[in-house]
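**Q** Below: sequence and its predicted model.
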Amino acid sequence: MAPYCFITKKGLAATTSCPPQVKLHAPTQNVLVYGIDGEKALAQGFGRLLPYALHLMCNIHMKDNISSKLAELGIPTGAAEEYRLEIFGKNIGSKRQPGLIDSSSPEKFDEKMQSLTET
């Protein structure tokens with residue numbers, strides 16, 4: 001289990017209160033990935049403390065961001081849902097149909113993206 005913290009406010013104060021606790025925790029020195037929402041100040045705070053770690057957003061925040069962008073672009077609801085399913089995959093019965101995020105390599109991602117642009 002990795003260390004975690006909950007942050008309830010945005011801004012610099014949040015980045016100076018929680019992330020140093022992460023840095024002081026010896027097992028976090030070799031963290032490869034950390035997940036937070038899209039808050040830039042938090043990403044910068046954790047990025048300074050864990051410079052070799054990759055920042056990934058969780059699926060919920062990614063889906064919310066994509067849904068917001070599709071709505072902003074005026075994409076109809078049905079088409080927007082199809083785009084989300086192509087990106088995040090879907091379950092059909094007991095089987096999972098993978099999406100773009102399930103690509104096992106950059107090359108596989110590019111192949112899937114190319115096939116989507118052709119349809």
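**A** Nice, thanks for sending it over.

**Q** For the closest residue in space to F109 that isn't next to it in sequence, grab phi and psi.
**A** In this structure, F109 finds its nearest non-sequential neighbour in S103, 3.7 Å apart by C-beta to C-beta, 6 or more residues apart in numbering. (Each C-beta comes from the backbone N, C-alpha and C, glycine too.) As for S103, its main-chain torsions (degrees, to the nearest 10) stand at phi -60, psi 140.

**Q** likewise E111?
**A** Per degrees, to the nearest 10, the backbone of E111 is at phi -60, psi -50.

**Q** same deal with A43?
**A** Dihedral angles (degrees, to the nearest 10) for A43: phi -60, psi -40.

**Q** Quick check on the closest residue to it other than its chain neighbours: phi, psi?
**A** With sequence-adjacent residues excluded and distances taken as C-beta to C-beta, 6+ apart, A43 is closest to H55, at 5.3 Å. In terms of degrees, to the nearest 10, the main-chain angles of H55 are phi -90, psi 120.

**Q** how close does H55 get to I101?
**A** Counting by C-beta to C-beta, to the nearest Å, the separation of H55 from I101 is 16 Å.

**Q** Next: N91.
**A** Taking C-beta to C-beta, one finds N91 at 14 Å from I101.

**Q** Quick check on those two: which one has the bigger neighbour count.
**A** I101 (12 against 9; other C-beta atoms under 10 Å).

**Q** Test for you: state the pLDDT assigned to the more buried one.
**A** With respect to pLDDT, I101 scores 89.
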